[in-house]
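Q: Structure here, sequence nowhere to be found:
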């Protein structure tokens, strides 16, 4: 029996999608996933949401050796993750939530409680010069 906490389950539902690391049509992806994961409903459109294209098994270690402290219960991932950010378009209201999307690969900051990811805080752009050929 899987003993994941309800906050962890919510984190997985809202932020984790290992199925497609780089969706070809991010707008279509966002409109589909936001509905499928119950963040765009007949009554409410979540304004902004980030999907991490990795498995829970790849994200969990950020709460331990795969992350570093970032203040309070926040942890910064050692490694970058492929992400899609879905943002609600101005003027779209429930039930017609309409999203735009953008893809990137960034280190992420999440909150951990009892070794489990429970909240997505932000993504961290890599520092200029870090792995940059310019």
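A: Arrived safely, thanks for sending. Here the structure is a predicted model, which means the values were calculated and not measured.
Q: Listing partners with orientation, what would you give for the single longest strand found in the chain?
A: The strand that spans the most residues within the chain, counting by DSSP state E, is strand 99-113. Partners of strand 99-113 in the sheet, by DSSP bridges, are strand 74-77 (antiparallel), strand 81-88 (antiparallel), strand 116-124 (antiparallel).
Q: how about the helices of this structure, start to end?
A: 6-15, 26-36, 56-59 (DSSP state H).
Q: now, of the ones you listed, which is deepest in the fold?
A: Comparing the helices of the chain on average neighbours per residue, with mean count of other Cβ atoms under 10 Å, the densest one is helix 26-36 at a mean of 18. Placement of C-beta: from N, CA and C, glycine included.
Q: where's residue 117 relative to residue 58, distance?
A: In this structure, residue 117 lies at 11 Å from residue 58, with Cβ to Cβ, to the nearest Å as the measure.
Q: which parts of stretch 107-120 are buried?
A: In terms of neighbour count (16 or more other Cβ atoms under 10 Å), stretch 107-120 has its buried residues at 107, 108, 109, 110, 111, 112, 116, 117, 118, 119, 120.
Q: low pLDDT regions in the protein?
A: Applying pLDDT under 70 to the chain flags residues 1-3, 126-134.
Q: at 50 instead, please
A: Segments of the chain classed as low confidence (criterion: pLDDT under 50) are 1, 128-134.
Q: Would you format the strands paired with strand 99-113 as JSON lines with distance to residue 100 included?
A: Rendered in JSON lines, the data for the strands paired with strand 99-113 read as follows (distance: least, Cβ to Cβ, whole Å):
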{"stretch": "strand 74-77", "distance to residue 100": "25"}
{"stretch": "strand 81-88", "distance to residue 100": "6"}
{"stretch": "strand 116-124", "distance to residue 100": "17"}
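Q: ok, now which ones touch residue 18?
A: When contacts are counted by Cβ atoms under 8 Å, 6 or more residues apart in numbering, residue 18 is found next to 53, 54, 55, 56.
Q: gap between residue 61 and residue 32?
A: Counting by Cβ to Cβ - residue 61 and residue 32 are separated by 29 Å.
Q: ditto for residue 86
A: On the measure of Cβ to Cβ, residue 86 and residue 32 end up 10 Å apart.
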